[in-house]
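Structural data only, the sequence is not supplied:
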């Protein structure tokens, strides 16, 4: 058996993460991104000597940004691979924005440097320069990594909160002895970042695009973790997998989570410490592995728990403007409420339900919260899309209502713009759903309320 960080590893240890990203503590299984990690370190070094040293790490969903930051960059910094003397001693903070980004930063800051979270939160909001100057930083440096930055636009509904967080990042990055701020964001949210002048320099010359893996890197991502725990790979399996990942003359950009889930499922079907073609095919291959895994977990649940699963997954998703489905982190309190877990027995059943999906790396459980492991599940599991279809319809009605109400107001409240018949009925039918889920459907505001009232009155007359 092999030894890693003092622990014995064997083929009984699964080296594949499923849909979840690799974390620092799993870096011994993180293969295929050595060149990307080195490139990231090289790009970061000169940014620390510039004012406003924000570095944007971008790429398609599923290309491996989170794993690169968490299991590539962070361990490399800890090992002193950064080309600046003493950098291994610099504090390193990693966070995701959540729906309250300043609070998330305050919690991480207080844990690293001490102090009350409420006090740190207040200082970050009112005087971030003071917060930085009061922290005892070796050599005056700090590295702050904000992963999944798109949450700032998906989960944060208060523009003032959003601007305050962006301002804090800009202040922390200022000056030759400021913080190195590294932001990981999906490529389809670049236009949202560009709306904030604090990111202008980073967008122009402070960006790193995480590209799809080359064949040699993909091969290593498959074989490296297996070798780390002493697993054998049946001849032909790697070529079979690589053939499925081909998209024209290159490999698919967003297939890494699907690949990892397929490899995890293949590991569960290993034969005498060997990953086999048969196990891979039975797992559903890359294309169908996520769907098959999720449906199998769901199928093993009692009928009542399957209904609870629908409500629970709904709490872990958000329908954004334009009808895009996004993940959201839900507290266990929210989950228990969604599952009607009003007794100890029901709470135990709800948590067992969560564990069933988490065991297959479809969900990520924390001490007091849970979230879908990766955006890939939102696309690759048709059952979930079917569950969310009524909400997608409600979002379409909601978005159209806001646009039409604004047009009515711009035209001096001309009655010709009011809703009648089926359009008014659609609003009345879907409004209870909006009221139940203010995260997805924020209160639309007084103009919309007046528009609905006027439309309803006109219909009655």
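Nice, I can see it. In this text the structure is predicted, and so the values were computed from the model without any measurement.

show me where pLDDT drops low in the stretch 101-250 of the chain?
132-140, 175-178, 247-249 (pLDDT under 70).

Strands of that one, residue ranges please.
142-146, 179-186, 207-209, 232-233, 246-247, 250-251 (DSSP state E, counting those that start in this stretch).

Of all these, which one is nearest residue 304?
Taking Cβ to Cβ, strand 179-186 is the member of those nearest to residue 304, at 36.6 Å. Any C-beta I mention is one placed from the backbone N, CA and C, and that applies to glycine too.

Could you say which of the strands of the stretch 101-250 of the chain is packed most deeply?
Among the strands of the stretch 101-250 of the chain, strand 179-186 has the highest mean neighbour count (mean count of other Cβ atoms under 10 Å), at a mean of 25.

okay, the angle between that strand and strand 142-146?
10 degrees (axes from the mean of the first three to the mean of the last three Cα atoms, to 10 degrees).

Sheet-wise, list the partners of strand 179-186 with their directions.
The sheet places strand 179-186 alongside strand 54-59 (parallel), strand 142-146 (parallel), with pairing taken from DSSP bridges.

chain center to it: distance?
Relative to its chain's centre, strand 179-186 lies at 14 Å (Cα atoms, centre = their mean, to the nearest Å).

Same check on stretch 382-401?
Distance, centroid of stretch 382-401 to centroid of chain: 21 Å (Cα atoms, centre = their mean).

re the thing from before, any chance of CSV for the strands paired with strand 179-186, columns distance to residue 321?
Shown next, in CSV, are the strands paired with strand 179-186 (distance: least, Cβ to Cβ, whole Å):
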stretch, distance to residue 321
strand 54-59, 22
strand 142-146, 23
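
Next, count neighbours for residue 402.
Using other Cβ atoms under 10 Å, residue 402 has 15 other residues around it.

Could you give the number of residues near residue 48?
By other Cβ under 10 Å, 21 other residues sit near residue 48.

For it, which non-adjacent residue is spatially closest?
Distance criterion Cβ to Cβ, 6 or more residues apart in numbering; nearest residue to residue 48, sequence neighbours excluded, is residue 180 at 5.0 Å.

if I read this right, that neighbour contacts residue 142, doesn't it?
Yes - between residue 180 and residue 142 there is a contact at 7.2 Å, judged by Cβ atoms under 8 Å.

Now for residue 381: which residues touch it?
By Cβ atoms under 8 Å, 6 or more residues apart in numbering, residue 381 lies in contact with 290, 291, 294, 295.

Any figure for the gap between the last one and residue 284?
Between residue 295 and residue 284 the distance, using Cβ to Cβ, to the nearest Å, works out to 10 Å.

between these two, which one's more packed in?
Each of residue 295 and residue 284 has its neighbours counted (other Cβ under 10 Å); residue 284 has more, 20 against 15.

what are the phi and psi angles of that one?
phi 110, psi 0 (degrees, to the nearest 10).

per-residue confidence at it?
On the pLDDT scale, residue 284 is placed at 93.

again with the one 4 residues further on
Here the pLDDT value assigned to residue 288 is 94.

So what's the residue count around it?
Neighbours around residue 288, by other Cβ under 10 Å: 14.

which helix is the longest one in this structure?
In the chain, with assignment by DSSP state H, the single longest helix is helix 382-410.

just so I have it, where are all the strands in the stretch 351-461 of the chain?
According to DSSP E, counting those that start in this stretch, the strands that the stretch 351-461 of the chain contains are 363-365, 369-372.

any idea how far the residue nearest the centre of the chain lies from residue 444?
Residue closest to the average C-alpha location in the chain (Cα atoms, centre = their mean): residue 148, at 5.1 Å. Look at residue 148 and residue 444: by Cβ to Cβ, they are 27 Å apart.

give me the element residue 44 is part of.
Residue 44 is part of helix 34-47 when elements are defined by DSSP states H and E.

Show me which residues of that helix are buried.
Residues of helix 34-47 classed as buried: 36, 37, 40, 41, 43, 44, 47 (neighbour count, 16 or more other Cβ atoms under 10 Å).

before we move on, the earlier item: turn the strands of the stretch 351-461 of the chain into CSV, including distance to residue 227, mean neighbour count and mean pLDDT.
Shown next, in CSV, are the strands of the stretch 351-461 of the chain (distance: least, Cβ to Cβ, whole Å; neighbours: other Cβ atoms under 10 Å; pLDDT from 0 to 100):
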stretch, distance to residue 227, mean neighbour count, mean pLDDT
strand 363-365, 26, 19, 94
strand 369-372, 30, 20, 94
